[in-house]
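1. just to be clear, the model below is a prediction. Sequence and coordinates:
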Amino acid sequence: MILYHGTNIDFNVIDLSKSNKYKDFGQGFYLTDIRSQAEELAVKKNKLFGGNIIVQEYDFDESALNNNDLRILKFDSPTVEWAEFIFKNRNRNIHFSHDYDIVIGPIANDGVAYLLGRYEEGTISIYELSKELTYKKLNRQYYFGTEKSIKYLKRL
C-alpha cells in the first residue's frame, strides 16, 4: 500500500522524537493513503514554517496489520472511543500515553482545539464531540509510533 507524508522539509530517516507530542494519536509519524490530503498538509506547513512543499511516498507492508508482535488500534469511523482517544492525546493538562505501535483512523476536523476545549469545560458531551470531530470528507491517517512499526515503511 502506498502512503503519503506531507512536509516542508525533506528527510530520509524518520525520527520520532521530532514529532509533536499532542497530535490526534500522540507523538509519532503520520501518513495518509490520500495524496491530496498530504499535499494540503505540505502546503499548510510551508505557509506556517517556510521550506518547500514536499509529499513523501512510502510503501507500507500491510502484513504488519496481521503481525501479533505489533499493537494496532483501528478506528473505522468517528466514534465516542475515537473522540476520547484524541482528547487524551491532545490534552496538555493530563498525562496520557499509550503503547500502540500503529493507530489507523479518521482525521479530526480542523477546529479540534476549540471543540476539545468545549468538551473539557463541559459545554458539549463526548457524544457531541465525536459527532463534531467528524471530518467533512472521508479520510484516514496512519500513525506509526515506534521504531518497530516504522520498519514496515519503505521510502519510495
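-> Received the coordinates, thanks. Numbering: from 1, shown residues only.

2. show me the shaky parts of this structure.
-> When residues are selected by pLDDT under 70, those of the chain lie in 109-113, 133-138.

3. and the strands in it?
-> Defined through DSSP state E, the strands belonging to the chain, from first to last, are 2-7, 29-31, 54-60, 72-74, 102-105, 141-144, 153-155.

4. got CSV for those, with mean neighbour count and distance to Gln37 too?
-> In short, each C-beta sits where N, CA and C put it, glycine included. Compiled in CSV, these are given as follows (neighbours: other Cβ atoms under 10 Å; distance: least, Cβ to Cβ, whole Å):
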stretch, mean neighbour count, distance to Gln37
strand 2-7, 20, 7
strand 29-31, 21, 10
strand 54-60, 17, 10
strand 72-74, 15, 18
strand 102-105, 22, 14
strand 141-144, 24, 8
strand 153-155, 14, 17
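
5. for those strands, which one sits closest to Leu48?
-> Go through these one by one with Cβ to Cβ and the one that ends up closest to Leu48 is strand 2-7, at 11.8 Å.

6. check the offset of the closest one from the chain's centre.
-> Here strand 2-7 is found 12 Å from its chain centre; the criterion is Cα atoms, centre = their mean, to the nearest Å.

7. hmm, who's touching that strand?
-> The set of residues that contact strand 2-7 without belonging to it, under Cβ atoms under 8 Å, 6 or more residues apart in numbering, is 29-35, 37-45, 51, 54-60, 142, 153, 156.

8. what of stretch 16-34?
-> Taking contacts as Cβ under 8 Å, 6+ apart, the residues outside stretch 16-34 that touch it are 1-5, 14, 38, 58, 60, 85-86, 89-92, 97-98, 100, 103, 105, 107-108, 112, 139-147, 150, 153.

9. stretch 146-154 now?
-> With Cβ under 8 Å, 6+ apart as the contact definition, stretch 146-154 has outside contacts at 3, 14, 16, 28-29, 31, 58-61, 63-64, 69-70, 101-102, 144.

10. in that stretch, what counts as buried?
-> In terms of neighbour count (16 or more other Cβ atoms under 10 Å), stretch 146-154 has its buried residues at 146, 149-150, 152-153.
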